[in-house]
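[1] Got a predicted structure plus its sequence, pasted below:
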Amino acid sequence: MAIQIHSKAGAFSPGSNLWVLPQLKQSNWTKTVDWYLNFQVSRMSGHKAVELSEPIRHIMEQSEHTYIEPKLTEDAPLLIASANRLPNSQTVVLQFDGKIDDWFKRIKLIWYKLNRPRMRIFLPTAIKESEIIRYWPNMEEQHLVTFVPFDSEAIR
């Protein structure tokens, strides 16, 4: 079975439960999806965790409860429930640092943790089909994954 590549015209068609995109700066696809998601991706890029107020910290100390501050790395994936806004169930925005090998490895890890749903990957760069096949060589998995090519004309 050959790799399934979507045309740009069919990029937002139904058929995949999970969409994976690079961060906003790397893809106009992400900018368009962000618009449909009511700018959730943009808002999360500037999000700072709220610190506990002093009265709440004091109450926790008195009641002998410990507070563990949530810590996320800068490249942590953003998972958005998108069923009400897009023709999919979940959208993942995953930091792309220029290394397609590492990006595909992280996608595959997320995909397996989500129990391998039908997935559409919006590519951050123009890559060859041979590079894609290297990460999805298993023929029984290839029907679950489709790819949308990089739109080099749209990036400015």
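    Alright, I've got the coordinates. Numbering: from 1, shown residues only.

[2] low-scoring stretches of this protein, by residue?
    Along the chain, segments meeting pLDDT under 70 span 1, 47, 139, 152-156.

[3] make it 90
    Counting by pLDDT under 90, the chain has low-confidence residues at 1-9, 26, 43-54, 56-76, 98, 101, 125-144, 150-156.

[4] all helices of it, in order?
    For the chain, applying DSSP state H gives helices covering 28-36, 40-45, 54-62, 100-113, 129-135, 139-142.

[5] What residues sit buried inside stretch 25-45?
    26-34, 37, 40-41 (16 or more other C-beta atoms under 10 Å). C-beta coordinates here come from the backbone N, C-alpha and C atoms, glycine included.

[6] And stretch 78-86, by the same measure?
    78, 80, 82, 86.

[7] With distance to Phe12 added, can I get the helices of the chain in JSON lines?
    Listed next are these as JSON lines, based on distance: least, C-beta to C-beta, whole Å:
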{"stretch": "helix 28-36", "distance to Phe12": "8"}
{"stretch": "helix 40-45", "distance to Phe12": "15"}
{"stretch": "helix 54-62", "distance to Phe12": "43"}
{"stretch": "helix 100-113", "distance to Phe12": "19"}
{"stretch": "helix 129-135", "distance to Phe12": "20"}
{"stretch": "helix 139-142", "distance to Phe12": "22"}
